[in-house]
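Asks: Turn this into a model:
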Amino acid sequence: MGTEPAAMLATNIRMLREARGLTQGRLAELARIPRATWTNLESGGGNPTLSVLLRVAGALQVGLDELVAPPRATARHYRPAELPTRRRGEGAIRKLLPDPLPGLDLERIELPPGAGFAGVPHTAGTREYLTCEQGALELAVAGAKYRLAPGDVVVFRGDQNHGYRNAGAKLAVAFSAVVLAPGAP
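Replies: Numbers count the residues shown, from 1 in each chain. Sure, this is the predicted structure:
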C-alpha cells in the first residue's frame, strides 16, 4: 500500500466499499458520479475535486478525513491490560471492547470466592443481561436472589438496586451486557 495521497485515497475507498459489500457501480450511483470516475479513484489514477470527494464521503457515510487519512490497519490486537479495568471491592470489572458501542456496555466481571459488590443502577428503561462463565455467581436484584452456574443467564431491569457475589469456592467469571435506554449516555 503506497503512501502517496492518491494511493491512500484509492485504498481507503476500496476498503470502505468492500466493507459495505457494494459494487463500484452502486456507490458511483449513490455518489452521483460516473462509474468511470469511481473506478479511477479506486485505481489511484484520479485527481478528484473537493466536490467529488464530498460526494464519495457521503455515499460511504464517512467523514472526508477518513478518505484521505493513512489507511487503517485491518485489525488490532488488544491485550487484557490495554482494556479499561476498574475495581469494586475485591472484584475486577473489565470492558470487553476497546471502543464504545452506542447503547451497549459489555463487561467481564471477576470475583474471588466470597467477594461481592453492589451494582450501580442504570437509567430507567435499561436492561442488563448477566451470564456466568465460570464458578458460581449470586445476583441479588429487587429483593430476589438468583444463583447462576456456568451458562446461566438472568435478564433484569438495570435501573433497580442489584448486587453480585461469588457464592462458590472458586473464582467466578461473569459477563454483563447492559442495553442502555434510548437517549442514555
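Asks: For the residue nearest to the spatial centre of the chain, list each beta-bridge partner.
Replies: Closest to where the C-alpha atoms of the chain average out (CA atoms, centre = their mean) is Leu101, at 4.0 Å. Judged by DSSP bridges, the bridge partners of Leu101 are Leu104.
Asks: so what's the backbone phi/psi at the residue in the chain sticking out farthest from the centre?
Replies: Relative to the centre of the chain, and counting by CA atoms, centre = their mean, the farthest-placed residue is Ala36 at 35.6 Å. Main-chain torsions, Ala36, degrees, to the nearest 10: phi -60, psi -40.
Asks: Just the pLDDT at it, thanks.
Replies: With respect to pLDDT, Ala36 has a value of 93.
Asks: now do the one 4 residues further on
Replies: Predicted confidence (pLDDT) at Asn40: the value is 92.
Asks: Can you pull the phi/psi pair for it?
Replies: phi -60, psi -40.
Asks: Can you tell me how far the residue farthest from the centre of the chain is from Gln24?
Replies: 10 Å (CB to CB, to the nearest Å). Bear in mind the C-beta positions are built from the backbone N, C-alpha and C, glycine included.
Asks: and the residue nearest to Ala6 when sequence neighbours are not counted, how many neighbours does it have?
Replies: In space, and not counting its chain neighbours, Ala6 is closest to Gly44: 4.6 Å by CB to CB, 6 or more residues apart in numbering. Gly44 has 17 neighbouring residues, counting by other CB atoms under 10 Å.
Asks: Just confirm Gly44 contacts Asn12, I think it does.
Replies: No. Counting by CB atoms under 8 Å, Gly44 stays clear of Asn12, with 10.9 Å between them.
Asks: In terms of pLDDT, where does the residue nearest to Leu180 when sequence neighbours are not counted sit?
Replies: Leaving out its chain neighbours, the residue that sits closest to Leu180 by CB to CB, 6+ apart is Gly103, at 4.9 Å. On the pLDDT scale, Gly103 is placed at 87.
Asks: Now do Gly103 against Ser51, distance only.
Replies: Taking CB to CB, one finds Gly103 at 35 Å from Ser51.
Asks: what about the two, which has more around it?
Replies: Gly103 (13 against 9).
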